[in-house]
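> Kindly return the folded structure for what I paste below:
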Amino acid sequence: MSVDLSTTYLGLRLKNPLVIAGCSLTSEISSLRQLEDAGAAAAVLPSLFEEQIIHDDVQMSQVQDFGTESFAESLTYFPEMNDYHPGPQKYLETITAAKQAVSMPIIASLNGTSKGGWTRYAKLMQDAGADAVELNIYFVAADVELTSQDVESQYLDLVTAVKESVTVPLAVKIGSSFSALGNMARRLAEAGADGLVLFNRYLHPDFDLETLETSPRFSLSNPGELPERLRWIAILRNRISASLAATGGIHCGGGLLKALLAGADVGMMASVLYKQGTGHVETILNELVRLMERKDYESVEQLKGSMSREKCPDPAAFARGNYMKALTSFPSPAI
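Modelled structure (predicted):
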């Protein structure tokens, strides 16, 4: 049996549902070529950070020099440009080079929380050749004066502003910590998001007991993170107008198949490639084909969403229904 792996994400027709998430592997042209040769259908470039844009604009106007001799802390208030790679101009050059080097769609990424220079750079990314833009909203509401309405409005205003500046598709990558995630997802789609990427993985601070300083703690994803994505993709499938992408916890063909069954249009991955190498893309796709053939699926389009909430005979399974069952079925510890 011949299996058709093609799918549509953000209106882009892809040869299969495996997309490389933004990471250092997608920052180099050589790696992008290897990933495409292994079978990747599209790639998200690493994010251009809001801090880079701000620094670039400030440097251009020489505002950062004001007061640096008066206040010592202002000497390090703005990060040095070499703390980030690549810078804004280099990022745009990378988009153009990537489009010339590979045939798969290239998705540019913006990371930040305020309008700032985002709308301008989203347009520049489009002009550089990006097939789509992913808005990676990384925002921790640490101000106790902020209400949930304030936070949601900030997201929606940002999506609206960026969408108005580009004609290419816009994906929005968010975290899961909204009190009413389903409603927020719908409003993001209404604000102009052509797709939602679920979910962002937040870095958490750790304490160094020797230096008594805080430091960011980064870890690769693990398959245990996937169920949260499955739950919300299954809930949102066909209930909002946006495409859905699962990211975080997909490490094998089985994980990718689960994401598709829940209702994702694509599955994004990066962590497993750091462990197994870029060639692992081919292994995952081969496993996906074998699993589909075993279940007599002829195409990805046929199976997408077949285990979503709307197709489930017991929709409560995605809310509270399995809570008691999970607790009571957990094995008792040996005594």
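> can we go C-alpha only for contacts and neighbour counts from here?
OK.
> and the closest residue to residue 308 other than its chain neighbours, how far is that from residue 194?
Spatial nearest neighbour of residue 308, excluding adjacent residues (CA to CA, 6 or more residues apart in numbering): residue 234 at 4.0 Å. Note on residue 234: its distance to residue 194, by CA to CA, to the nearest Å, is 18 Å.
> neighbour-wise, which of these two wins?
residue 234 (27 against 24; other CA atoms under 10 Å).
> Looks to me like the more buried one is in a helix.
Yes - according to DSSP: H, G, I helix; E, B strand; the rest coil, residue 234 belongs to a helix.
> need the contact list for it.
262, 263, 305, 307, 308, 309, 310, 318 (CA atoms under 8 Å, 6 or more residues apart in numbering).
> which residue ranges form the strands in the stretch 201-335 of the chain?
Per DSSP state E, counting those that start in this stretch, the stretch 201-335 of the chain carries strands over the ranges 204-208, 213-217, 243-247, 266-269.
> cool, the stretch 1-150 of the chain as well?
Per DSSP E, counting those that start in this stretch, the stretch 1-150 of the chain carries strands over the ranges 7-9, 12-14, 18-20, 42-44, 48-49, 106-112, 132-137.
> Tell me the helices and strands packed up against the shortest one.
Using 3 or more CA pairs under 8 Å, 6 or more residues apart in numbering; DSSP states H and E, the elements in contact with strand 48-49 are strand 106-112.
> now with 10 Å?
Under the contact criterion of 3 or more CA pairs under 10 Å, 6 or more residues apart in numbering; DSSP states H and E, strand 48-49 touches helix 88-101, strand 106-112, helix 118-128, strand 132-137.
> For it, what does the pLDDT average out to?
For strand 48-49, mean pLDDT rounds to 89.
> Name every strand pairing with it and say which way it goes.
With DSSP bridges as the test, strand 48-49 is paired with strand 106-112 (parallel).
> send the alpha carbons of the strand it pairs with over as PDB?
The C-alpha coordinates for strand 106-112 follow below in PDB (Å, rounded to 0.1, in the frame of the first residue of the first chain):
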ATOM      1  CA  ILE A 106      11.200  28.400   5.400                       C
ATOM      2  CA  ILE A 107       9.300  29.900   8.400                       C
ATOM      3  CA  ALA A 108      10.900  32.900  10.100                       C
ATOM      4  CA  SER A 109      10.400  33.400  13.800                       C
ATOM      5  CA  LEU A 110      10.000  36.500  16.000                       C
ATOM      6  CA  ASN A 111      10.300  36.200  19.800                       C
ATOM      7  CA  GLY A 112       9.100  38.900  22.200                       C
END
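> Mind listing what's buried along it?
Judged by neighbour count using 16 or more other CA atoms under 10 Å, the buried positions of strand 106-112 are 106, 107, 108, 109, 110, 111, 112.
> Relative to residue 26, how far out is the last one?
Read that as residue 112. Distance from residue 112 to residue 26, by CA to CA: 19 Å.
> Kindly report the same for the fourth one.
To residue 26, residue 109 is 11 Å away according to CA to CA.
> what touches both of these two?
44, 45, 46 (CA atoms under 10 Å, 6 or more residues apart in numbering).
> between these, which is closest to residue 229?
Set against residue 229, the nearest of those by CA to CA is residue 44 (18.7 Å).
> neighbours around that closest one, how many?
Neighbour count of residue 44, defined by other CA under 10 Å: 23.
> what's it in contact with, if anything?
Residues near residue 44 by CA under 10 Å, 6+ apart: 19-23, 25-27, 105-109, 130, 132-134, 268.
> and what of residue 297?
1, 2, 3, 4, 289, 290, 291, 303.
> where does it fall, phi/psi-wise?
Per-residue torsions, residue 297: phi -90, psi 130 (degrees, to the nearest 10).
> Return the distance of it relative to residue 311.
As judged by CA to CA, residue 297 and residue 311 stand 16 Å apart.
> Residue 9 now?
Counting by CA to CA, the gap from residue 9 to residue 311 is 21 Å.
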